[in-house]
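**Q** Kindly return the folded structure for what I paste below:
(chains A and B)
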Protein chains: 2
Amino acid sequence: MPIIVQKFGGTSVATQEKRDQVAKKVKNVLDQGYQVVVVVSAMGRLGEPYATDTLIKLARGIVNQIGPRELDLLMSCGEIISTVIMVQTLEKHGIKATAFTGGQAGIITEHDFNNARIKEIKPTAILKCLEEGRVAVVAGFQGVTADGEITTLGRGGSDTTGAALGVALKAEVVEIYTDVDGVMTADPRLVPQAKPLEVMTYQELCEMAHLGAKVVHPRAVEIAMEGRIPLKIKSTFSDGEGTLITDGTPIGKIEIRKDRVVTGIAHLAEMALVKIHSETDMNESGKVLQVFEEMAAAKISVDMIQVAPFQISFIITQQLADKATTVLKNLKLQAEIETGFAKVAIVGSGMRGVPGVMAKMVRGLRRLNISIYHSTDSHTNISCLVKQTEMVKALQALHEEFELA
Amino acid sequence: MPIIVQKFGGTSVATQEKRDQVAKKVKNVLDQGYQVVVVVSAMGRLGEPYATDTLIKLARGIVNQIGPRELDLLMSCGEIISTVIMVQTLEKHGIKATAFTGGQAGIITEHDFNNARIKEIKPTAILKCLEEGRVAVVAGFQGVTADGEITTLGRGGSDTTGAALGVALKAEVVEIYTDVDGVMTADPRLVPQAKPLEVMTYQELCEMAHLGAKVVHPRAVEIAMEGRIPLKIKSTFSDGEGTLITDGTPIGKIEIRKDRVVTGIAHLAEMALVKIHSETDMNESGKVLQVFEEMAAAKISVDMIQVAPFQISFIITQQLADKATTVLKNLKLQAEIETGFAKVAIVGSGMRGVPGVMAKMVRGLRRLNISIYHSTDSHTNISCLVKQTEMVKALQALHEEFELA
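**A** Down below sits the predicted model:
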């Protein structure tokens, strides 16, 4: 029987009403003849009794430092509790289910607390559970090392659990449930015309995620991509079809239109533009290397990098501007750092080798008199830096220009 | 280095003030040069945010039935949380410590949820932790099956964890911390002269426990006895020496006085006396067997059993009197069940073969005009049934008669 993995985040399991919605989603695919693995995050938010945050607050109230090993032990309870509550909810809806900790589900990780990588998955127990006609409810975000230490997977960990289980179980699809209807062509709060995409590639989703669209964790997308398991981003609270993420080959009737150049518009707000000038060649003087080494040492991420002999420029998040100023002053470099910018980007695997995409982007911005202060491009995205005050206007202009509505 | 296991129950870890007391107890033995293993129960009581009960209530609110496997999974989180909070507390007091789940501590149980028996202990990880100069904090009440299922040990489970770890680690002593100063000669709420015993045998403690003294779980005592590891019952909140439990051989300067006949007085309140009469021999008619078979089938525990051809009598807890009446009516037996009794018992390994102990007991009760309605004796205890209204008087009389104060 084909297998579907369904991952539900913290907001989807926060209240009984929402958990009942989750049960309906499970029932839907069971009725279609699938075996189902459900991955859940911890339920609570700060202040709720069973919240991981409440426990961490308690532990930190005793001594502020909490060891990484003990922190993982504590945090793992949040998802375990969630699995039992979800089993109870499924039973309420007449669905037989069994709860699994990460370790019991066979999720083996590296020996690295708080941010462990999954090494392998031994899904024997899960498969046995499915064969018995039961739903397997697995605690997301956690695993166990070969020597029995309990680890957590870091940010986006439950997405990763879902994707990795999907690959290990050769699932037909991994469904990531959120509170939005799928991946949108742009942020709907800023671009009212934005609509959910029917289908996109793993790479496009990764680009969108790295560019600020917080739908699914990039690591989960990479795992699904490597294992060639389709992802689906859906809403727990609506009946929309969601967005299918594939490698580009058609699935059933769903395929990516050959003529689609741009898939979506992404943005990153509140950025600062750094420009470094020199009268001598900075390649020769070693300043180029120094700049990026010192930025890395100060833990400042740089983006949209342009290097030329007498000028280096890149962007950083606005809140690190002061820190960067100090770094550059120490290097005795002539630099100007200007805040108040935003990055807007068009993303699409289809723009590879298609001429005129940049021209179309410039045209869209130009029409509304939006100036471009900086730009970079790769084969699947073009990013432009605009004034923060013009960001929303720019997003709407590009959405219209590329006919995404 | 010698090892001490210290077990702290739910009340000892309920608040930060109490947990700080626990840390002092740990520090004391560390300062004496011991390696220390701490076993903890879950912290909370109903209503507290991190309480096991809160979680169970939540789960049962969804569907009232909760599977035994999922119940164990849920409950195990309570003790795991406790270990992390205790590690934090020890760190606050400058003590390096590491938390262990039951499984990580190597506690392997039978595949039997909610009431699993410990099969074996593989203390490799604990020993490694101790050798690194750290305190091992182990989640009580839980273990793991050979195939990775998380189990709980049933009532008194954390005591059992403590005793079993003590045996596996060849500890010098297992200290069971409670909120009383040790095992008392009688219930101090009823007998103001009662005082803590300095030393007693495993068997005496078992007798006291079975007779209603709720200090430590009998299974834990049996494990310690089989492994010949001394137990110590102490208070978390005082500096008393507590009660040492041994097999009778002296430990250091502490030994059981040879002339001690009676160690303590125990009692069980609110019992009913069942008397069955017959004009024909109940052995021959098979009625004797029938009575005890049917009582067992109805899950009614019987105690103080006396069987004679034409009369059978025994006691049961008062609340089961109606149920027993029905059972006996169905057997068409002539029976009378009278409620309002209490069992008072003297316990002591030293009474073996000592003549006149029963006489002394009767004399003590007689002096206060207390009638005996029923009695049984073994080589280490004599129990008498008295009117419930005279129970307290009887306890005080016996305490005085055997000079326990």
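**Q** any idea of the mean pLDDT in the longest helix along chain A?
**A** In chain A, taking DSSP state H as the definition, the longest helix is helix A:68-92. Averaging pLDDT along helix A:68-92 gives 95.
**Q** residues of that helix that come out buried?
**A** Residues of helix A:68-92 classed as buried by neighbour count (16 or more other Cβ atoms under 10 Å in any protein chain shown): A:69-92. The C-beta positions use only the backbone N, C-alpha and C, and glycine is treated the same way.
**Q** Considering only those, which also neighbour chain B?
**A** The subset of these within reach of chain B, by Cβ under 8 Å from any Cβ of the partner chain, is A:69-71, A:73-74, A:76-77, A:80-81, A:83-85, A:87-89, A:91-92.
**Q** Return the distance of the spatially closest residue to A:Phe141 that is not a sequence neighbour relative to A:Lys232.
**A** Spatial nearest neighbour of A:Phe141, excluding adjacent residues (Cβ to Cβ, 6 or more residues apart in numbering or on different chains): A:Gly157 at 3.5 Å. Separation of A:Gly157 from A:Lys232 (Cβ to Cβ, to the nearest Å) stands at 19 Å.
**Q** that older thread, so the longest helix of chain A versus helix B:68-92, what angle?
**A** Here helix A:68-92 points in a direction 160 degrees away from that of helix B:68-92 (axes from the mean of the first three to the mean of the last three Cα atoms, to 10 degrees).
**Q** so how far is the next helix or strand after helix A:68-92 off the chain centroid?
**A** With elements assigned by DSSP states H and E, the helix or strand that comes after helix A:68-92 is strand A:97-100. Strand A:97-100 has its C-alpha centroid displaced from the chain centroid by 27 Å (Cα atoms, centre = their mean, to the nearest Å).
**Q** Give me the helices and strands touching strand A:97-100, please.
**A** helix A:68-92, helix A:124-131, strand A:135-139, helix B:68-92 (3 or more Cβ pairs under 8 Å, 6 or more residues apart in numbering or on different chains; DSSP states H and E).
**Q** For it, list the C-alpha coordinates in PDB.
**A** Taking C-alpha atoms only, strand A:97-100 is exported to PDB below (Å, rounded to 0.1, in the frame of the first residue of the first chain):
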ATOM      1  CA  ALA A  97      -2.700   4.800  16.100                       C
ATOM      2  CA  THR A  98       0.600   4.200  17.900                       C
ATOM      3  CA  ALA A  99       3.000   6.800  19.300                       C
ATOM      4  CA  PHE A 100       6.700   6.700  18.600                       C
END
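**Q** Check which element follows it along the chain.
**A** strand A:107-109.
**Q** Now do that next one: which elements does it pack against?
**A** strand A:118-121, strand A:142-145, helix A:157-168.
**Q** so of these, which one's packed in deepest?
**A** Of those, the one with the most neighbours on average (mean count of other Cβ atoms under 10 Å in any protein chain shown) is helix A:157-168, at a mean of 28.
**Q** orientation of that helix relative to helix A:124-131 in degrees?
**A** With the same axes, to 10 degrees as the basis, helix A:157-168 and helix A:124-131 are set at 80 degrees to each other.
**Q** from the chain's centre, how far out does helix A:157-168 sit?
**A** Between the centre of helix A:157-168 and the centre of its chain there are 13 Å (Cα atoms, centre = their mean).
**Q** now do stretch A:268-282
**A** Using Cα atoms, centre = their mean, the mean C-alpha position of stretch A:268-282 is found 28 Å from that of the whole chain.
**Q** pLDDT averaged over it - what is it?
**A** Averaging pLDDT along stretch A:268-282 yields 93.
**Q** Please apply the same query to stretch A:169-183.
**A** Mean pLDDT, stretch A:169-183: 93.
**Q** Export only the CA atoms of it, formatted as CSV.
**A** The C-alpha trace of stretch A:169-183 is given here as CSV (Å, rounded to 0.1, in the frame of the first residue of the first chain):
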residue,chain,number,x,y,z
LEU,A,169,9.6,4.8,3.8
LYS,A,170,9.6,5.6,0.0
ALA,A,171,6.4,7.6,0.7
GLU,A,172,4.3,8.7,-2.3
VAL,A,173,4.4,12.3,-0.9
VAL,A,174,5.3,14.1,2.3
GLU,A,175,2.6,16.6,3.2
ILE,A,176,3.8,19.6,5.3
TYR,A,177,0.8,21.2,7.0
THR,A,178,0.9,24.9,8.0
ASP,A,179,-1.6,27.7,8.4
VAL,A,180,-1.2,29.0,4.9
ASP,A,181,-2.7,27.5,1.7
GLY,A,182,0.6,26.6,0.2
VAL,A,183,3.6,28.5,-1.2
